[in-house]
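*Asks:* return atomic coordinates for the entry below.
(3 chains)
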Amino acid sequence: MSGTFGKGCHLHLIDGSAFIFRAFHALPPLTRKSDGLPVGAVSGFCNMLHKYVEDTRGPEAPTHVAVVFDKGSHTFRNDLYDQYKANRDAMPEDLRPQIPLTREATRAFNIACLEQEGFEADDIIATLATRARDAGGRVTIISSDKDLMQLVGGGVEMLDAMKNRRIGLEEVHAKFGVGPDRVVDVQALAGDSVDNIPGAPGIGVKTAALLINEYGDLESLLDRAAEIRQPKRRQALQEHRAQIELSKRLVLLDVNMPLDVALDDLEVCEPDPETLLGFLSQMEFRTLTKRIAEKLGAEPPALPDTSPAEADPDPEARPVDPSAYECVRDAGALKVWIARARALGRVAVDTETTGLDEMRAGLVGISLATAPGQACYIPLAHKAGGDDLFSAEAPVEGQMEMEAALTLLRPLLEDPAVMKIGQNMKYDAKILARHGIDIAPIDDTMLMSYALDAGLHGHGMDALSERHLSHTPIPIKTLLGSGKSAITFDLVPIDEAVKYAAEDADITLRLADLLKPRLHHRKVATVYETMERPLVPVLAKMEMTGVKVDRDTLSRMSNAFARKMAALEAEIHDLAGERFNVGSPKQLGEILFDKMGLQGGQRGKAGAYATGADILEDLAAEGHDLPARVLDWRQLSKLKSTYTDALQDHINPETGRVHTSYVIAGANTGRLASTDPNLQNIPVRSEEGRRIREAFVAEEGKVLLSLDYSQIELRILAHVAGIGALKEAFRQGQDIHAMTASEMFSVPLAEMTPEIRRQAKAINFGVIYGISGFGLARNLRIPRADAQGFIDRYFERFPGIKDYMDATIAFAKEHGHVQTLFGRRIHTPEIAAKGPRAGFARRAAINAPIQGTAADIIRRAMIRMPEAIATLPAKMLLQVHDELIFEVEEHAAEDTVAVVRRVMEGAALPVVRLDVPLEVDAGQGASWAEAH
DNA sequence: ACGCTCACG
DNA sequence: GACGTACGTGAGCGTA
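*Replies:* Below is the predicted model:
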């Protein structure tokens, strides 16, 4: 049968995606024993493929066959209509990793596997079926999808493999009331809620077929719509003509798409037993491997031993032994390790440096681990630590030259086929980036732990090692000492460094083996893979870019603050009648409540008076000058010490910029935290403080852009709690706090006062925080009973909010965690506690899904940003929870705003379609003060 | 090392 | 009926 496809040939086209979904939904979840990878759909898919091959033997056997898949989610139909298939659910967590495996399975069966970016499987099927029919051959499409029925006829028929039912002209006519050539016309009119095809309102398949049969085809029908007697139908066709025509273009399959394969490439071939059985045994499908081996008359390969001891490595079985690690001192030894890593396809990596500031620390050595207990350390810049004048600071013998070692390591660390595993990889990625190495791809045990166990415990290596391996790593303090006498890692003797550093890589590898399979088991693999891991290179880049801070501006402000503080201090001492440390809450409390005898002194746990801003404000409001002056002094003191002074120390002398570091796995909710320095709490609320932002500037010829989500948490609340009134207000672009006030206090919007609006705003925020009468009362400074009255009225007016809160707490109690719309889990171990702790836990549980969903959304935007702005002269610099800061050449500012806004506003899609729009406000200027 | 205070979203 | 609370962070300072 070899040669050209033509008469006598019979092509089978299998709708692979339908196979997968059917297999997935029909079968109980099944995971690969050795590592927990979900493989249920792959198993079902292989079984179906095997059954298909067996069933189609004989005289009716196909001569040519292909399995056709969808690829990606964006096709030309999305360009025609952005709502196309928009109400589809996201792919289930368990199914996602199985998709590439089904392609592999198809190839293992030696069946052609077709997919093409930008087109649906249906288009590929349509194009091939048309070509085969035109060549005089027969075609069977193995699918029951009604969208393919337009292809039936002229030697093309369909086969519903499940029901073993043939679908020919008659069956199509029974379903659509017209022949295959008019199916698209009927579909265009009737629409389709599954694919979100609009169609004509009020017209279903029955009516559509009636109309098409009467007028011949869709175009004639639309042209002559005025003749239709029924007013409703006439109106529907006339008013929605464009929508109907669009629908037709959406359902019409492309029979002429460009394809890399020819029909002759699809000829049926016998599978290669070794390849097929190899794949099946790799998947650990025992029964199927055996069955197919028998059929092929081959020996079934040995399956890996998946006895519990192997599958769940016992940490005691192979104890961590620091004396067993190797010190790599020359190229020959290093090459052995590199080859080992290459062969295994993965390696744990850890860098040792002279400090914790990745922008300044020097690289001292690198450790690698390729298997539990199999690890090495490559010393590169160790120096003699003795106080002998001649030997101190001299390089130690027996180390590879840094550049030579990095030249050997670079291809491995950048090899796309070798997974590099680390603990807090952002750190190592930045160190290596400064040596020209772009480490990828990466896995990060800290982020695995965060995706799995946020809210349960910390994610540092020592904590993870204790918890999962019952092993205490060598504390770094034993090498470096602490306090003033601490040394840097380059001064640590090499044999000690080997034990410590190689142990870190060893532990990291063991942790990865333990944690990675759990990501699938616990359904957070997508969280890890889409919102944790890809953030690492994005943040590394932002941190290395840094933001320009003008030292002179800060210095001038510092001096001004110092002068004002000195004046205030003198005044305060005067009022007190004695000199004391204004910065000491203890001394201040004694002055206020003991010496001056003011009322309202509350002693805290430690016995000291509380002197927080709220207390001082109350006293000031009673007319006392001293607390009022102290408040002023404190504000200036804060601005000076934390900002104008400390920030100057953070300006990197080489770059002239400030390089913060973001903690990815710090905040339980998924938020980032910024440290060294914290650039997420630069003042903005007070006029005086806001001026500090004048020191954050753009380079010459550039501007800073600030884009922030407007009310993102309230919008998420409206969505998750399903509050119709709130959703509607956001859709209409109304003032949300005024709307709330109007609803609650029955005041028309036109008569709204700032005071009523302010109270409603406090309630709106209170809801996000897990409102309590006490908290609201304190915030609004009103009697507790009044606050409780507000809350009661709020719940009465928006009953969905109360339902949401109750449902969230019930969920937390049942599962021990809450989750965001994107599947991030935040554990709530204290939710069952008694006493005041229960209150904290409940409020945290209510807040976490909202704050966490907002955090997920901006993470998604950030991850997409580098590609989106790649062609623009723009750099992403900072993130402040709901705000992103960019630096861009002035001429491209407008374009950048448009691109960034589009990415931010669409960041939830396509996984989550919020019921409210996300809106982004933008500003620009020479400084952050102007841009915000 | 820890608690207080205060800066941000 | 009392408990004692708004959610999430980090930094600097004083006090132990």
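
*Asks:* count of neighbours near residue A:407?
*Replies:* 12 (other CB atoms under 10 Å). C-beta: built from backbone N, CA, C; applies to glycine.

*Asks:* separation between it and DNA strand B?
*Replies:* Separation of residue A:407 from DNA strand B (CB to the nearest atom of the strand, to the nearest Å): 41 Å.

*Asks:* checking that residue next. Helix, strand or coil?
*Replies:* helix (DSSP: H, G, I helix; E, B strand; the rest coil).

*Asks:* using CSV, write out the CA atom coordinates for stretch A:209-228.
*Replies:* Once non-C-alpha atoms are left out, stretch A:209-228 reads as follows in CSV (Å, rounded to 0.1, in the frame of the first residue of the first chain):
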residue,chain,number,x,y,z
ALA,A,209,-32.9,24.2,10.5
LEU,A,210,-36.5,25.3,9.6
LEU,A,211,-35.2,28.7,8.4
ILE,A,212,-32.2,27.3,6.5
ASN,A,213,-34.4,24.7,4.7
GLU,A,214,-36.8,27.4,3.7
TYR,A,215,-34.3,30.0,2.5
GLY,A,216,-31.6,27.6,1.2
ASP,A,217,-28.6,29.0,3.1
LEU,A,218,-27.6,31.5,5.7
GLU,A,219,-26.6,34.3,3.4
SER,A,220,-29.9,34.2,1.6
LEU,A,221,-31.8,34.0,4.8
LEU,A,222,-30.0,37.1,6.2
ASP,A,223,-30.5,39.0,3.0
ARG,A,224,-34.2,38.2,3.0
ALA,A,225,-34.8,38.4,6.7
ALA,A,226,-37.4,41.2,6.2
GLU,A,227,-39.7,38.6,4.7
ILE,A,228,-39.9,36.5,7.9
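
*Asks:* what parts of chain A come near DNA strand B?
*Replies:* Proximity of chain A to DNA strand B, by CB under 7 Å from any atom of the strand, involves residues A:585, A:589, A:604-606, A:608, A:610-613, A:616, A:631, A:634-635, A:638-639, A:642, A:680-686, A:689-690, A:851, A:880-883.

*Asks:* just those that are near DNA strand C?
*Replies:* Answer for these near DNA strand C (CB under 7 Å from any atom of the strand): A:585, A:642, A:680-681, A:851, A:881.

*Asks:* could you rank those residues by neighbour count and give me the top one?
*Replies:* Neighbour counts for those, by other CB under 10 Å, peak at residue A:851, which reaches 24 neighbours.

*Asks:* pretty sure it contacts residue A:712?
*Replies:* No. Counting by CB atoms under 8 Å, no contact exists between residue A:851 and residue A:712, whose distance comes to 9.8 Å.

*Asks:* residues contacting residue A:183?
*Replies:* Going by CB atoms under 8 Å, 6 or more residues apart in numbering, residue A:183 touches A:149-150, A:172, A:176.

*Asks:* now the helix or strand encompassing residue A:793 - C-alpha only, PDB.
*Replies:* Residue A:793 belongs to helix A:784-797 when assigned by DSSP states H and E. Once non-C-alpha atoms are left out, helix A:784-797 reads as follows in PDB (Å, rounded to 0.1, in the frame of the first residue of the first chain):
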ATOM      1  CA  ARG A 784     -18.600  49.600  70.100                       C
ATOM      2  CA  ALA A 785     -22.400  49.200  70.000                       C
ATOM      3  CA  ASP A 786     -22.600  51.700  67.200                       C
ATOM      4  CA  ALA A 787     -19.900  49.800  65.300                       C
ATOM      5  CA  GLN A 788     -21.700  46.500  65.800                       C
ATOM      6  CA  GLY A 789     -24.900  48.200  64.500                       C
ATOM      7  CA  PHE A 790     -23.100  49.200  61.300                       C
ATOM      8  CA  ILE A 791     -21.800  45.700  60.800                       C
ATOM      9  CA  ASP A 792     -25.300  44.200  61.400                       C
ATOM     10  CA  ARG A 793     -26.700  46.500  58.800                       C
ATOM     11  CA  TYR A 794     -24.000  45.800  56.300                       C
ATOM     12  CA  PHE A 795     -24.600  42.000  56.600                       C
ATOM     13  CA  GLU A 796     -28.300  42.600  56.300                       C
ATOM     14  CA  ARG A 797     -27.800  44.600  53.100                       C
END
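
*Asks:* what ranges do the helices span in the stretch 551-700 of chain A?
*Replies:* A:551-576, A:585-589, A:613-621, A:625-638, A:646-649, A:687-690 (DSSP state H, counting those that start in this stretch).

*Asks:* ditto for the stretch 801-932 of chain A
*Replies:* Using DSSP H, counting those that start in this stretch, helices in the stretch 801-932 of chain A cover A:836-868, A:893-905, A:928-931.

*Asks:* mean confidence for stretch A:914-925?
*Replies:* Stretch A:914-925 carries an average pLDDT of 96.

*Asks:* do stretch A:705-712 as well
*Replies:* On average, stretch A:705-712 scores 96.

*Asks:* got it, and stretch A:553-568?
*Replies:* 95.

*Asks:* circling back to that earlier point, of all the contacts of residue A:183, which comes closest to DNA strand B?
*Replies:* Of all the contacts of residue A:183, DNA strand B sits closest to residue A:150, with 50.6 Å by CB to the nearest atom of the strand.

*Asks:* just the mean pLDDT for whichever strand or helix holds residue A:348, thanks.
*Replies:* Applying DSSP H and E as the criterion places residue A:348 in strand A:346-353. Per-region confidence: strand A:346-353 scores 97 on mean pLDDT.

*Asks:* likewise for stretch A:864-876?
*Replies:* On average, stretch A:864-876 scores 96.

*Asks:* and it, how far apart are its ends?
*Replies:* 11 Å (CA to CA, to the nearest Å).

*Asks:* please apply the same query to stretch A:694-712.
*Replies:* 26 Å.
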